[in-house]
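J.: structure of the sequence below:
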Amino acid sequence: MNQKGVTLIELIIVMVIIGIGATLIVPGIGAWLPTYRLKNATRDIASAMRLAQIKAVSTNTTYRVSFDIGGGSFVIQYRDSSGNFVNDDGSGSLPPGVRINRTTLSENVAEFFPNATATTGDVVLVNTKGTQKTIRLSLTGRVRIE
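T.: Numbering: from 1, shown residues only. Prediction:
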């Protein structure tokens, strides 16, 4: 009677407990997901704006982040020697359930200049639950999430 191991009944009891726990956790994850996606999308856009500012200063060229509100995407662009804006490596799209609600940026473009200044305005994102996050761009080039 000095045998080590588990019986089939003990194994079934553990599996039932794990199943009950998973059943209770899954609805919580579903409610949490839209908020998580909104936070990540907000950080992605703010990071793209900061990257455009850094590139503008380091290359002494005007950069911008252009937003496609209907398509839910954004792209980093730079001004070439002929004055046209050309797509850079940085672009992204919003995750499902997150959309650009509105911008106060002129022509939906955040522009960054070689002297580290920028155009001013806001980009407001919203998720399916109606929660909003605002990315605020100041004249000094500061990108702030609210």
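J.: what's near enough to touch the residue positioned nearest the centre of the chain?
T.: Nearest residue to the geometric centre of the chain (CA atoms, centre = their mean): residue 41, 1.5 Å. Counting by CB atoms under 8 Å, 6 or more residues apart in numbering, residue 41 touches 94-95, 98, 125. Any C-beta I mention is one placed from the backbone N, CA and C, and that applies to glycine too.
J.: which residue comes closest to it once chain neighbours are left out?
T.: residue 98 (4.6 Å; CB to CB, 6 or more residues apart in numbering).
J.: so the one you found touches residue 39, yeah?
T.: No - look at residue 98 against residue 39 with CB atoms under 8 Å: they stay out of range, at 9.6 Å.
J.: name the spans of the protein whose pLDDT lies under the cut-off.
T.: Within the chain, the segments meeting pLDDT under 70 span 1-2.
J.: which stretches in it count as strands?
T.: Assigned by DSSP state E, the chain shows strands spanning 63-68, 73-79, 85-93, 98-103, 109-112, 121-127, 132-137, 143-145.
J.: check which residues of the fourth one are buried.
T.: Within strand 98-103, the residues that qualify as buried are 98-100, 103, counting by 16 or more other CB atoms under 10 Å.
J.: pipe those into a markdown table and attach distance to residue 138 per row.
T.: Listed next are those as a markdown table, based on distance: CB to CB, whole Å:
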| residue | distance to residue 138 |
| --- | --- |
| 98 | 24 |
| 99 | 24 |
| 100 | 19 |
| 103 | 15 |
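J.: residue 21: which of these is nearest?
T.: Lowest distance from residue 21 to the buried residues of strand 98-103 (CB to CB) belongs to residue 98, with 29.5 Å.
J.: how near is the closest one to residue 8?
T.: 47 Å (CB to CB, to the nearest Å).
J.: over to residue 29?
T.: 31 Å.
J.: also residue 33?
T.: Residue 33 is 37 Å from residue 8, by CB to CB.
J.: over to residue 116?
T.: Computed as CB to CB, the residue 116 to residue 8 distance reads 69 Å.
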